[in-house]
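Student: build me a model from this:
(4 chains)
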Protein chains: 2
Amino acid sequence: MREAATAEVRPYHHGDLRRALVDAARRILENEGPSALSLRAVAREAGVSPAAPYHHFKDKGELLEAVAFVGWDALGEAMTAAKDRTPDLGARMTEIGVAYVQFSQEHPALYRVMYDCSRDKDELPEGLQDKEDSAYCQVRETFRAFAGPEVADVDIELATIAAWCAAHGLAEMNSFRQFDPLKQGLGGEEGFLRAVLSHLGMFPASRAKANGPG
Amino acid sequence: MREAATAEVRPYHHGDLRRALVDAARRILENEGPSALSLRAVAREAGVSPAAPYHHFKDKGELLEAVAFVGWDALGEAMTAAKDRTPDLGARMTEIGVAYVQFSQEHPALYRVMYDCSRDKDELPEGLQDKEDSAYCQVRETFRAFAGPEVADVDIELATIAAWCAAHGLAEMNSFRQFDPLKQGLGGEEGFLRAVLSHLGMFPASRAKANGPG
DNA sequence: AGATCATCTTGACGCCGTTCAGATCGATGG
DNA sequence: CCATCGATCTGAACGGCGTCAAGATGATCT
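Tutor: Below you'll find the model as predicted:
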């Protein structure tokens, strides 16, 4: 039997150590933050020797990539849920943007790993772009649905990139406590997010009417 | 003689080791990237023992903060130069934004240290906000000058934060090679930057006329 | 059963950040 | 001019890190 160990059965030496390591890494990230995420700590948490991970990942970076992949998946799901929350095409981008930043706030360590992995790479992160319902594709298709088929692909792509920049930038800035008084005056975290996003062209409803997303 | 050792003279123990260490760190960053920036490597580069830095910095983080401070200073200067390049108040924000992203592109390792240092801190990075001509204040004053005195402070602050988010997000995304074909069709790097920024409310000229920066 | 092969452990290497006792040497004051 | 002082730097050490090579383990195949 090749496939087993999806549940509690532990058919072999460890079972599905690969998955166990990724889970252990996520647990450490949630509980102790990114600075505590050493390969040895992950192995310790999974109950194996420090060298065991090397039978499933080429090096530490590859393990982190697997963790990041899970993160992009979870982010994509959060964005899907946010998008489906409203049928108004013009409001969807804002909902997605808010969901994005909130995700980064609820899983700050995971979010950091997701971007640390993708830096110094030639491509967009694996899992951001591949599947139909990936995070990136969702934003692009939302823009496409709102803009209509007559808008050029390049403009849709630019709008998608711009929205991504805005959301990521806001996600990083949002952790500064310096902004707390400002947030208080704007109805808390979400009010602040929506206020900033409204400055950032995340309201295609008010921009596209004038000159289109291009 | 207190001040010496700017050139080849090494008058005593070391001279101004603090500055020498910061310079060594910057050299390593430029030549080998952030992953090579260990305290021991910095000490090696400066020609001292691994323990020497501890007489000038509490730990590695404090040395990195000093490096980051230099970075924010240089960024502020680049933004000032960009701002003074045009007298048109409406166009200044775009010039500043382009200069910001270009700085992050010319000094990617330094830029990374600047933000890595400021993460998990309660305040904005030291050197970003303090002085009159700091990077952050320049953006805020540019918005203020453009919007006029009747716009509320909170709106100016929000616009500043939004612009900062946009610039930082774009700075991080800009390194993805995936966007190279897109850039080619938009007149190179700078054309791409301006195109994305035009989606991100960095053109107060076209936005503020409608509803003000608020 | 015996061979095979992926999996896991043990032990080691060099590098890291950090600490501490002691050496070094300008400055101070008698 | 000499003794002392205090700041600065060195040398050696500690534990933790990523990684690797060699050997033990045990599931699977014939």
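Student: how does chain A divide into domains?
Tutor: Chain A breaks down into these domains under automatic domain parsing: A:1-57, A:68-211.
Student: which parts of chain A are helices?
Tutor: Taking DSSP state H, the helices of chain A run over residues A:17-32, A:39-46, A:60-83, A:89-106, A:108-118, A:135-147, A:153-173, A:180-184, A:188-198, A:204-211.
Student: quick one, which of the ones you listed is packed in tightest?
Tutor: Each of the helices of chain A was scored by mean neighbour count; the highest is helix A:153-173, a mean of 23, by mean count of other C-beta atoms under 10 Å in any protein chain shown. No exception for glycine: its C-beta is placed from N, CA and C like everyone else's.
Student: returning to what we had before: just put the helices of chain A in a markdown table and tack on distance to DNA strand D and mean pLDDT.
Tutor: Converted to a markdown table, the helices of chain A look like this (distance: least, C-beta to the nearest atom of the strand, whole Å; pLDDT from 0 to 100):
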| stretch | distance to DNA strand D | mean pLDDT |
| --- | --- | --- |
| helix A:17-32 | 10 | 97 |
| helix A:39-46 | 3 | 97 |
| helix A:60-83 | 4 | 96 |
| helix A:89-106 | 23 | 94 |
| helix A:108-118 | 13 | 95 |
| helix A:135-147 | 27 | 93 |
| helix A:153-173 | 24 | 94 |
| helix A:180-184 | 33 | 93 |
| helix A:188-198 | 33 | 93 |
| helix A:204-211 | 43 | 42 |
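Student: would CSV of those helices with distance to residue B:96 be doable?
Tutor: Below are the helices of chain A laid out as CSV (distance: least, C-beta to C-beta, whole Å):
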stretch, distance to residue B:96
helix A:17-32, 36
helix A:39-46, 42
helix A:60-83, 30
helix A:89-106, 23
helix A:108-118, 24
helix A:135-147, 26
helix A:153-173, 15
helix A:180-184, 21
helix A:188-198, 18
helix A:204-211, 21
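Student: which one of these lies nearest to residue B:46?
Tutor: helix A:108-118 (27.8 Å; C-beta to C-beta).
Student: now check that closest one, is it near chain B?
Tutor: Yes - Helix A:108-118 reaches chain B (C-beta under 8 Å from any C-beta of the partner chain) through A:112, A:115, A:118.
Student: which neighbouring elements make contact with that helix?
Tutor: On a contact count with 3 or more C-beta pairs under 8 Å, 6 or more residues apart in numbering or on different chains; DSSP states H and E, helix A:108-118 meets helix A:17-32, helix A:60-83.
Student: can you convert these into JSON lines and add a column each for distance to residue A:39?
Tutor: Output for the helices and strands packed on helix A:108-118, formatted as JSON lines (distance: least, C-beta to C-beta, whole Å):
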{"stretch": "helix A:17-32", "distance to residue A:39": "9"}
{"stretch": "helix A:60-83", "distance to residue A:39": "5"}
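Student: for DNA strand C, which of these is the nearest?
Tutor: When the helices and strands packed on helix A:108-118 are compared by C-beta to the nearest atom of the strand, helix A:17-32 sits nearest DNA strand C, at 3.8 Å.
Student: fine by me, thanks again.
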